[in-house]
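> Could you work out the structure for the sequence below:
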Amino acid sequence: MAEEKRFHWAWVILGTCFFNLFVNYSIRLGYGLVLPEMIRDLGLSRTAGGTIYNAYLFSYLTLTPLSGFLTDRLGGRRVITVGALILGIGVLFMGAADSMWTACLAYAIAGIGATGMWTPIITIVQRWFASHRRGLALGILSTGYGLGFAAMGALFPFIVHQFSWRHSWYFLGMGALVMVAANALLLRSDPETLGIDPWGERSRAPEGLDDARLQASPFRVRAVFGNRRFWFIGASYFSISYCLYGITTFMVDYARYQLGVPLEKASLLATVHGACQVIGVLTILPLSDYLGRRKTIILSNACIACCLAGIVLGGHSTGVLFFLVGVLAMFYGATFPIYGACAGDYFPKEVMGTVMGLWTPFYGLGAVLVHWITGALRDSTGGYNEAFLITAVMGAVAVVLMAGVGKRNRISNNEY
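As a prediction, this is how the structure comes out:
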């Protein structure tokens, strides 16, 4: 306990990773804000707009398993630093795009860089904090992407009016490049490199699922694939990813062109979304340390599905839209880090990065499909109601799948 009272380098790690997520998710989630002005200026359809985002997601989901593996082998510091560099270059190119194909190429490069800005970050933070402190640490960390999205919602209309949508990408690209130096100087891959324990560590006792036995014998990837919990969690991750990206990417366009809300007010949806994410991650993630990841995910996914159904049933009510987006965002903010924390609960810490990397294709496939399907349905029907109803159903599916995951202490020794 004396160590907790002294300054611990874990907080430097957490602060640096916070700013990485702030920049990364301003870029990723900010696409939904830039989308209406970008496709109008370039003369693109919404299906094309979804295709550009999918170029990012394809490179991201294809290479994230590799980044997770490299995090476990080479350390998070190297992977995150290189990721920030590639991300910044891709985003700067995004600002210069003049067609769908150049935008796809630029955003695909950004997606490659983004592989170093989530799985390695969640892994490195979990390694620097004791297991009973991870929900708290991930809650603080995850305010980064909520605040990033909120900042974009507030600043984007100003940037468009003063400059252009291209300058949004230029500013974000420079922010990513600044993080290259910060990561190289401040990050350390694990506390052992400084000869200290994780913050909040009470003892050297094994944690999780029989870590001592697993460390003594070689851990094989096939052991992950042979665990049914890996597949249930992955499938649930796919479903909730489809559910959340359908509304987040297209909600500003929905408000602007289906409800007729002015751009300045429609963009405030991102600010509401981001601000409520902060509330969510600071309450729901610490709660998961006590309630348990599985129960927290089930509750969160159920609330998300209900909010999406409410948006469809609310018709053209702007007030209902803003309220439900805010409620949904509280659970949205906790969703991705809490799924990542499942890797630390169900698998030993030495392979957390690998496990999270292997879950990323599930997440990415859900996001890719929802952008194509939602964009195509909007172009063919002229509205988003049908598409948003599908996302609500997928949220319910995510609940059912997570309910099939057993409790952490029910994992038997013979599974490995």
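> if I look at residue 87, how far off is residue 80?
10 Å (C-beta to C-beta, to the nearest Å). Backbone N, C-alpha and C define where each C-beta goes, glycine included.
> quick one: common contacting residues for the two?
116, 117 (C-beta atoms under 8 Å, 6 or more residues apart in numbering).
> Residue 44 and residue 102 touch, don't they?
No. The pair residue 44 / residue 102 is not scored as a contact, 11.6 Å apart, by C-beta atoms under 8 Å.
> Please give me every residue in contact with residue 266.
Residue 266 neighbours (C-beta under 8 Å, 6+ apart): 252, 255, 256.
> Relative to residue 293, which of these is nearest.
Nearest to residue 293 out of these is residue 252 (C-beta to C-beta; 31.2 Å).
> Can you check the pLDDT for that closest one?
We have a pLDDT of 83 for residue 252.
> and the helix or strand where it lies, how far from the chain's centre?
Here residue 252, judged by DSSP states H and E, is contained in helix 228-253. Centroid separation between helix 228-253 and its chain, computed with C-alpha atoms, centre = their mean, to the nearest Å, is 10 Å.
> That one packs against which elements?
Contact here means 3 or more C-beta pairs under 8 Å, 6 or more residues apart in numbering; DSSP states H and E; on that basis helix 228-253 packs against helix 10-42, helix 46-74, helix 263-291, helix 293-313, helix 318-346, helix 352-381, helix 385-403.
> List the buried residues for the shortest one?
Right, helix 385-403. In terms of neighbour count (16 or more other C-beta atoms under 10 Å), helix 385-403 has its buried residues at 385, 387-392, 394-399, 401-402.
> ok, now the second one?
Buried positions in helix 46-74, judged by neighbour count with 16+ other C-beta under 10 Å: 46-65, 67-72.
> Spatially nearest residue to residue 33 (excluding sequence neighbours)?
Spatial nearest neighbour of residue 33, excluding adjacent residues (C-beta to C-beta, 6 or more residues apart in numbering): residue 156 at 4.7 Å.
> secondary structure class for the one you found?
helix (DSSP: H, G, I helix; E, B strand; the rest coil).
> Isn't it up against residue 32?
No. Taking C-beta under 8 Å as the definition, residue 156 is not a contact partner of residue 32, at 10.1 Å.
> overlap in contacts of the two?
Counting by C-beta under 8 Å, 6+ apart, the residues touching both residue 156 and residue 32 are residue 270.
> May I see the contacts of residue 266 arranged in TSV, with distance to residue 266 and neighbour count as well?
TSV is the format used below for the contacts of residue 266 (distance: C-beta to C-beta, whole Å; neighbours: other C-beta atoms under 10 Å):
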residue	distance to residue 266	neighbour count
252	5	24
255	4	24
256	4	19
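> got the contact list for the spatially most central residue of the chain?
Geometric centre of the chain, nearest residue: residue 336, 5.0 Å, by C-alpha atoms, centre = their mean. Applying C-beta under 8 Å, 6+ apart to residue 336 gives the contacts 118, 142, 363.
> show me the contacts for residue 147.
22, 274, 278 are the contacts of residue 147 under C-beta under 8 Å, 6+ apart.
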